[in-house]
Every structure is written in structure tokens, then in C-alpha cells.
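Asks: got a predicted structure plus its sequence, pasted below:
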Amino acid sequence: MPITGGCLCGAVRYVISEAPLAARTCWCRLCQYLGAGSGTVNAVFRRGSVAIAGILQHYDSLAESGNHMCRQFCGQCGTQVCGYAEERPEVIVIRVGTLDDQEAIRPTSTIWVSAAPTWACIDTTLPQILAQPPPVG
């Protein structure tokens, strides 16, 4: 059941050998920047289950949760591919939009709904969490 994906230009590719620990839509303010005004959809995996090929650039920042985040993207096309919190190096977050099969993973909750704009499209059938949920993994 390998899960595959990569960036827009194909310079970065990945293969994931396990199911995600979590998948959720995030509306934190930083994800709104990354999502061009929308939330981002992310899947959390054990780091050892993800093999990445290609060169990733990174941007480090402090998230609203207090975590020190390293966000990684393709230096050629700019696609946001993945990221991780320095506080939890055993897990990695993959941007679901980079999956080859867009139906392979779907969010099971929405987080940081307290930061979403009033016009945000939030799936009301999924659990909504006001801010940062407890760590998974």
C-alpha cells in the first residue's frame, strides 16, 4: 500500500510505506499563508515510513502552537511538500495536495477553526478543534 507523491515539477518525490497517524485540515494563520488564503490539508506520518528523493529547501518559523516548525518545499517550483516540528522529530507532516492519488487520504478533523475567517469553507461533518490538538504518534 505505498503512498506516493511529489512536487509540481517532479524534482521532489516521496514514497510512504504506512498509513497516516492523522489527517486534518488546518486553519491556523500560518497555514492560511501557505494555502493562499485557505486552510491546508495535512497528513501526519511516522518519519521512518517516509522516503523523500530530491532536494528540499526549508523555512523555519515559530507556529501559533509554540512549536518550532521546519516547512519544506521544492526549490525549483515552490510546492510545499512537508514539514515537521523540532519538538516532535519522530513524525513528519505531508501536504495532502502533493499526493499522486488525491483520494488516498482525506481529513478526519479540522483544527485551528478559531483562526479561520468567517467565510471559510469548513466541513461541518468533521470534528472541529479550536486550536492545536494533542500530538499524535
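Replies: Structure received. In this text, all values refer to a predicted model and were calculated from it rather than measured experimentally.
Asks: isn't V113 up against I122?
Replies: Yes: using C-beta atoms under 8 Å, V113 and I122 qualify as a contacting pair, with a distance of 6.2 Å. Bear in mind the C-beta positions are built from the backbone N, C-alpha and C, glycine included.
Asks: and these two? Which one has more around it.
Replies: Taking other C-beta atoms under 10 Å, V113 and I122 do not tie; V113 has more neighbours (19 against 13).
Asks: quick check: which ranges of this protein have low pLDDT?
Replies: Per-residue confidence of the chain (counting by pLDDT under 70) places the weak regions at 137.
Asks: strands of that one, start to end?
Replies: Taking DSSP state E as the test, the strands found in the chain are 3-6, 13-16, 22-26, 40-46, 50-53, 56-62, 68-74, 80-85, 91-95, 109-111, 128-129.
Asks: and for V113 and I122, which residues touch both?
Replies: Where contact means C-beta atoms under 8 Å, 6 or more residues apart in numbering, the residues bridging V113 and I122 through contact with each are W27, Q128.
Asks: okay, the residue positioned nearest the centre of the chain and V50: tell me how far apart.
Replies: Here the mean C-alpha position of the chain is nearest to the C-alpha of N42 (C-alpha atoms, centre = their mean), at a distance of 3.1 Å. When C-beta to C-beta, to the nearest Å is the yardstick, N42 and V50 sit 13 Å from each other.
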